[in-house]
Every structure is written in C-alpha cells, then in structure tokens.
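Colleague: got a predicted model here, sequence first, then my questions.
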Amino acid sequence: MEIDILFDDGFESCLDESWLRKIIEAVLKMENTGDNVEVSLLITGQKRIHQLNRDYRGIDRPTDVLSFAMQEECPSEKGEDFSFVAPPDGIKHLGEVIISYPQAVIQAEERGHSVKKEVAVLIIHGILHLLGYDHIEDKEAEQMEAREKIILESLAGEF
C-alpha cells in the first residue's frame with residue numbers, strides 16, 4: 001500500500017502520521033482493496049477546505065472532509081466515455097481525502113468524543129467515497145453508514 005500523508009503549514013503537530021497511516025491501512029484492509037493501492041490524505045484548515053468546497057462542489061462554506069476519487073472513466077455531457085490511461089505501475093490510484101482539522105475539533109466537541117475518533121470517522125467516510133460508496137439516495141446512505149459503523153467499531157482501540 002502506498003499512503004501519502006501531507007499536512008498544510010501549521011497542522012504538522014496536530015496528529016501523528018504513523019497513527020493516520022494505521023487508520024488508513026485498516027480501512028483499506030477491511031474493504032479488501034489489496035496491497036496495490038495508493039491513497040493520499042491531506043490535513044488542512046478551514047480556509048483551504050472552504051476554497052476547495054466552493055471551487056469543486058459549488059458550496060461556499062467549509063466542510064469536514066472532501067474526497068477526490070481517481071476515476072477510470074468519465075462520461076461527457078454528450079454521453080461519450082473518455083477513459084484515462086492507467087499508469088503501468090499496476091497500482092490502483094484511489095485518490096485523495098482532505099480533512100479540515102479545525103472542523104474535526106469542532107465536531108468532536110459537539111459529539112462528545114475525542115478529536116482522534118472524529119478524524120478516524122472522517123478518514124473512513126472519505127475512503128469509502130473513494131471506493132464508490134455514496135449517500136445521495138437513502139438506500140446508499142444506509143449502506144455507507146452501516147459500513148462506517150462496522151469499520152469504526154473495529155478501530156475502537158485506536159482512540
């Protein structure tokens with residue numbers, strides 16, 4: 001597994017990189033992704049996540065987590081499929097998860113649990129999005145929430 005963890009300036013000391021890696025690895029293993037996968041995680045602040053949320057989702061406010069999946073096929077507005085050429089390295093590039101650390105702190109306080117637990121929740125949520133889970137439809141939301149709960153319970157000793 002290739003796991004890239006990045007911190008924006010000022011957030012390097014907020015979370016332990018090895019702990020973040022352990023959480024990501026556990027989620028990927030529980031989802032049976034195999035070892036030939038790559039995922040990136042960025043820990044950032046409210047300003048940057050607000051900008052990304054506005055620019056890419058059209059929502060002009062900060063959020064807690066964003067996921068940018070590397071999709072193999074991208075349909076055009078005309079119904080044509082455009083396929084990206086997969087790199088020859090044999091690694092499935094899942095994409096990037098971006099977490100607002102300040103938002104995680106706010107939500108942890110609101111929910112009465114640790115910041116580490118909130119960050120784990122956000123990592124799980126973000127990675128599940130990279131793997132194709134969604135919560136637009138009620139049935140999809142139920143499936144995603146059930147999976148999140150199972151994974152979170154398996155990590156209970158980590159926070």
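Modeller: Nice, I can see it. Numbering: from 1, shown residues only.
Colleague: only C-alpha atoms for contact and neighbour calcs from this point on.
Modeller: Fine.
Colleague: ok, and what's touching stretch 121-134?
Modeller: Residues outside stretch 121-134 that contact it (Cα atoms under 8 Å, 6 or more residues apart in numbering): 23-24, 27-28, 64-70, 94-99, 140-141, 144, 148, 151-152.
Colleague: SS state for L94?
Modeller: For L94, the assignment made with DSSP: H, G, I helix; E, B strand; the rest coil gives strand.
Colleague: check contacts around it.
Modeller: By Cα under 8 Å, 6+ apart, the contact set of L94 is V37, E38, V39, A69, M70, Q71, L130, L131.
Colleague: tell me how far the residue most central in space within the chain lies from A120.
Modeller: With distances taken as Cα atoms, centre = their mean, G126 lies nearest the centre of the chain, 2.3 Å away. Using Cα to Cα, to the nearest Å, one obtains 10 Å as the distance from G126 to A120.
Colleague: about what we covered before: in strands only, show me the contacts of stretch 121-134.
Modeller: With strands taken from DSSP state E, the overlap with the contacts of stretch 121-134 comprises V65, L66, S67, F68, A69, L94, G95, E96, V97, I98, I99.
Colleague: any idea which of those residues is the one closest to D16?
Modeller: Proximity of those to D16 (Cα to Cα) peaks at I99, which lies at 14.3 Å.
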